[in-house]
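>>> based on what follows, work out the 3D shape:
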Amino acid sequence: MSPALFGCLLACSCLLLAGCYRESAPSPDTAVQVLMELIRDRDASVRRTAAEALGKIGDPAAEPALVQALHDPEPAVREAAARSVARLPSFGEATTHQLISLLKDPEPPVRRAAAMGLSGAEENSRHVRAIGEVLTSPDPDFRRSASHALLYLEDPRGLATGALSQGAKDPDPAVRQWALAALAEIGGQSAVPVLMDRLLHDAVEAVRVEAAYRLGFVGDESVVDELKRVVEKETSATLTGWVGKTAASLTKASGFDSGLPPDPPAEPGPSHRSP
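Numbering: from 1, shown residues only. Got it, this is the predicted structure:
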């Protein structure tokens with residue numbers, strides 16, 4: 001254990017032990033102040049530990065320190081800071097833009113943490129447009145993180161449906177899969193034409209399975225006949241199992257159920273509804 005990390009743990013321990021000699025434990029404000037100092041420590045492991053601890057406390061006063069840590073030279077610290085921002089009760093628009101900028105971070109864990117961190121952002125058309133711009137990046141890794149972020153971003157007005165409809169045609173199959181998941185979450189029945197198009201015409205089975213799975217939530221009986229034709233025509237047990245399962249759920253019929261889960265996207269956590 002490095003001396004700096006030992007010092008971080010010792011400082012936290014002292015805060016706890018102080019409560020043994022007083023009628024009440026140290027206030028959360030005291031702990032937050034100490035951690036906000038430690039998040040600037042020279043040792044990256046100390047900074048990461050402090051960022052994680054601030055997230056667990058969830059005090060809004062820690063927001064500026066965590067935002068600063070989003071630009072830390074160490075990826076593990078940036079990741080911890082992004083995850084901790086998501087645990088705050090709320091955060092400001094400037095912080096949201098910082099998380100959006102991390103969707104272009106060179107490190108995949110940081111991009112994933114930023115995408116999930118955006119789940120705490122308030123709905124804002126500027127945010128959706130900013131993420132949509134990332135979805136047009138020439139870098140497929142950035143496009144994946146953008147479609148991932150749109151899945152988590154609260155968008156009750158469906159502001160992202162246009163960008164996601166384009167994402168469903170992306171050259172990268174992981175982007176298409178994430179886009180379909182997000183489109184079904186926020187677009188409702190308006191997503192059905194795009195989902196049906198990908199189910200019928202996509203070249204990648206995992207994308208087609210994703211489309212079939214999402215149709216089970218947003219489709220209706222009008223697509224059942226087409227789904228049954230897919231079951232009759234296709235030979236993949238995974239695909240036909242999920243198409244049949246969706247057809248059965250939409251008609252409240254029986255006999256099509258398959259216990260198979262859909263293939264997940266290239267990154268974990270495709271949907272709030274995933275089994």
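
>>> any idea which residue sits dead centre in the chain?
Computing the C-alpha centroid of the chain and ranking residues by C-alpha atoms, centre = their mean puts residue 116 first, at 3.5 Å.

>>> pretty sure that one contacts residue 152?
Yes. Assessed by C-beta atoms under 8 Å, residue 116 is found in contact with residue 152 at 5.6 Å. From N, CA and C alone the C-beta is placed, and that goes for glycine too.

>>> ok, which stretches of the stretch 1-150 of the chain are helices?
Along the stretch 1-150 of the chain, counting by DSSP state H, counting those that start in this stretch, helices occupy 3-18, 28-38, 44-57, 63-69, 75-86, 93-102, 108-117, 125-134, 140-152.

>>> now do the contacts for the residue nearest to the centre of the chain.
By C-beta atoms under 8 Å, 6 or more residues apart in numbering, the contact list for residue 116 reads 82, 83, 86, 152, 269.

>>> make JSON lines out of those and add pLDDT and distance to residue 68.
Putting those into JSON lines (pLDDT from 0 to 100; distance: C-beta to C-beta, whole Å) gives the following:
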{"residue": "82", "pLDDT": "95", "distance to residue 68": "12"}
{"residue": "83", "pLDDT": "94", "distance to residue 68": "15"}
{"residue": "86", "pLDDT": "89", "distance to residue 68": "16"}
{"residue": "152", "pLDDT": "79", "distance to residue 68": "23"}
{"residue": "269", "pLDDT": "41", "distance to residue 68": "27"}
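
>>> most neighbours of all these, which one?
Each of the contacts of residue 116 was scored by neighbours using other C-beta atoms under 10 Å; the highest score is residue 82's, at 28 neighbours.

>>> so that residue is in contact with residue 113, correct?
Yes. The criterion here is C-beta under 8 Å, and residue 82 meets it with residue 113 at 3.8 Å.

>>> between the two, what contacts are shared?
residue 102.

>>> residues contacting the closest residue to residue 195 other than its chain neighbours?
The spatial neighbour of residue 195 that comes closest, neighbours along the chain excluded (C-beta to C-beta, 6 or more residues apart in numbering), is residue 211 at 4.5 Å. Under the criterion of C-beta under 8 Å, 6+ apart, the contact partners of residue 211 comprise 180, 195, 196, 198, 199, 202.

>>> hmm, which helix or strand of this structure has the shakiest average pLDDT?
Using mean pLDDT, DSSP states H and E, the weakest-scoring helix or strand in the chain turns out to be helix 3-18, at a mean of 48.

>>> so where's the stretch 1-150 of the chain uncertain?
Flagging of the stretch 1-150 of the chain using pLDDT under 70 yields the residue ranges 1-28, 123.

>>> re the thing from before, quick check: mean pLDDT across the helix or strand containing the residue nearest to residue 195?
Secondary structure assigned from DSSP states H and E places residue 211 in helix 205-218. For helix 205-218, the mean per-residue pLDDT is 94.

>>> for it, which positions count as buried?
Counting neighbours by 16 or more other C-beta atoms under 10 Å, one finds that the buried residues in helix 205-218 are 206-218.

>>> from those, which is closest to residue 164?
Closest approach to residue 164 among the buried residues of helix 205-218 (C-beta to C-beta): residue 214, at 11.6 Å.

>>> what's near enough to touch residue 224?
Contact criterion C-beta under 8 Å, 6+ apart gives 247, 250, 251 as the residues in contact with residue 224.

>>> state the distance from it to residue 181.
Per C-beta to C-beta, to the nearest Å, residue 224 is found 22 Å from residue 181.

>>> ditto for residue 146
For residue 146, the distance to residue 181 under the criterion C-beta to C-beta works out to 13 Å.

>>> ok, those two, which is more surrounded?
Under the neighbour definition other C-beta under 10 Å, residue 146 and residue 181 were set side by side, and residue 146 has more, 31 against 27.

>>> these two touch, right, that one and residue 130?
No. With contact defined as C-beta under 8 Å, residue 146 does not reach residue 130; the gap is 9.3 Å.

>>> quick one on the thing from earlier: for residue 228, find the nearest of the helices of the stretch 1-150 of the chain.
When the helices of the stretch 1-150 of the chain are ranked by distance to residue 228, counting by C-beta to C-beta, first place goes to helix 140-152 at 29.1 Å.
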